[in-house]
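[1] structure for this input, please:
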Amino acid sequence: GELGAGTHADTIMIVSIERKTKQVRVLSIYRDLLTMQMDGNIRKANSAYFLGGPEEAINMLNRNCDLDIEDYVTVDFKAMAVMVDLLGGIDVDVKENEAAEMNNYINESAQVVGGKATTIRPGMQTLDGVGALTYARIRKDVGGDYARTERQRVVIQKMLEKVKSTDLKTINQIINEVFGHIATSFTMREIIELAPGLLKYELSETAGYAFERTDGNIQGIGSVVVPVGVTENVQKMHQFLYPTLEYQVSEVVKNIATEIEILSGQQE
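    Sure, this is the predicted structure:
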């Protein structure tokens, strides 16, 4: 229920929508990724939302990646669980180690969203809202944040598949139910107007950013994801999000790259 500054951004995704081809690309930003914040300090990517809410997070991404993001949607745990339940659940093949970790946290997820916890067993199964939320959150001992963001994109893909086979009346019901659990730059009217077009779009590609990276530990920041070659990573990001557009890395990003590379020891 708290969606502004002072809350932690558990998940960060950039969505690129190509209106002509109806292709959608989703890029997860690792929350521990080293980035330059708007105050000039180098910190983890998710620090921006904590410090200044969605506006600060957008500005951080635009500055570090030469982007021009204007719109956002912030979704809390409750919104995700409600939407999955309204869709009738999503079918996910849960691995044995994932099931064990989910069972460690599913009671917590149920308590947070006011739902019911069920025991998760390995294999293909239909996850309800609480189960899907728990699947999207786990990371310890099951691939860390890299695998966690992959699971989150699986959940998005499965939800979209369900939406595409759902009638417009149910989609509008979902919008009405979920709208109170999100913060967004879109109005309710704009979202309802966009809803019919949703059925025409395809989720074509998903990935995690930075593409080339390593793990690190920096004094005063903690455990971090270090982009290896910041400018090269940003170049690849633009190729992924906007494959038909030409792009040259700006001086701003080059300067940020130098500072991150010095701090992380890539450049003396």
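
[2] what about Asp128, how many residues nearby?
    Asp128 has 20 neighbours, counted by other C-beta atoms under 10 Å. For the C-beta atoms, the positions are set from N, CA and C on the backbone; glycine is no exception.

[3] my guess is it contacts Met83. True?
    No: with contact defined as C-beta atoms under 8 Å, Asp128 does not reach Met83; the gap is 11.3 Å.

[4] do a quick rundown of the helices in this structure.
    Along the chain, counting by DSSP state H, helices occupy 47-65, 77-86, 96-113, 129-137, 144-164, 168-178, 188-194, 230-241, 251-263.

[5] nearest to Ala207, of those helices?
    Taking C-beta to C-beta, helix 230-241 is the member of the helices of the chain nearest to Ala207, at 6.1 Å.

[6] follow-up on the earlier one: export the helices of the chain to TSV and tack on mean neighbour count and mean pLDDT?
    Conversion of the helices of the chain to TSV gives the following (neighbours: other C-beta atoms under 10 Å; pLDDT from 0 to 100):
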stretch	mean neighbour count	mean pLDDT
helix 47-65	20	97
helix 77-86	21	93
helix 96-113	17	95
helix 129-137	25	97
helix 144-164	18	93
helix 168-178	15	87
helix 188-194	13	87
helix 230-241	19	97
helix 251-263	16	96
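
[7] okay, now Pro243: neighbour count?
    Applying other C-beta under 10 Å, we find 14 residues neighbouring Pro243.

[8] typo on my end, it should be His181
    Neighbourhood size, His181 [other C-beta under 10 Å]: 19.

[9] try Thr118
    Here the neighbour count serves as a burial measure; for Thr118 (other C-beta under 10 Å) it reads 14.

[10] quick thing: my sequence starts at 31, can you match it?
    Okay, using 31 as the starting number, the last item reads as Thr148.

[11] roughly how far does it sit from Tyr60?
    Distance, Thr148 to Tyr60, using C-beta to C-beta, to the nearest Å: 30 Å.

[12] try Val45
    Counting by C-beta to C-beta, the gap from Val45 to Tyr60 is 16 Å.

[13] again with Val172
    Separation of Val172 from Tyr60 (C-beta to C-beta) stands at 16 Å.

[14] which of those two has more neighbours?
    Taking neighbours as other C-beta under 10 Å, Val172 and Tyr60 compare with Tyr60 leading, 22 against 16.

[15] ok, now which ones touch the closest residue to the more buried one other than its chain neighbours?
    In this structure, Tyr60 finds its nearest non-sequential neighbour in Val255, 4.5 Å apart by C-beta to C-beta, 6 or more residues apart in numbering. The neighbours of Val255, taking C-beta atoms under 8 Å, 6 or more residues apart in numbering as the test, are 60, 62-64, 175, 240, 243-246.

[16] kind regards, and thank you for your time.
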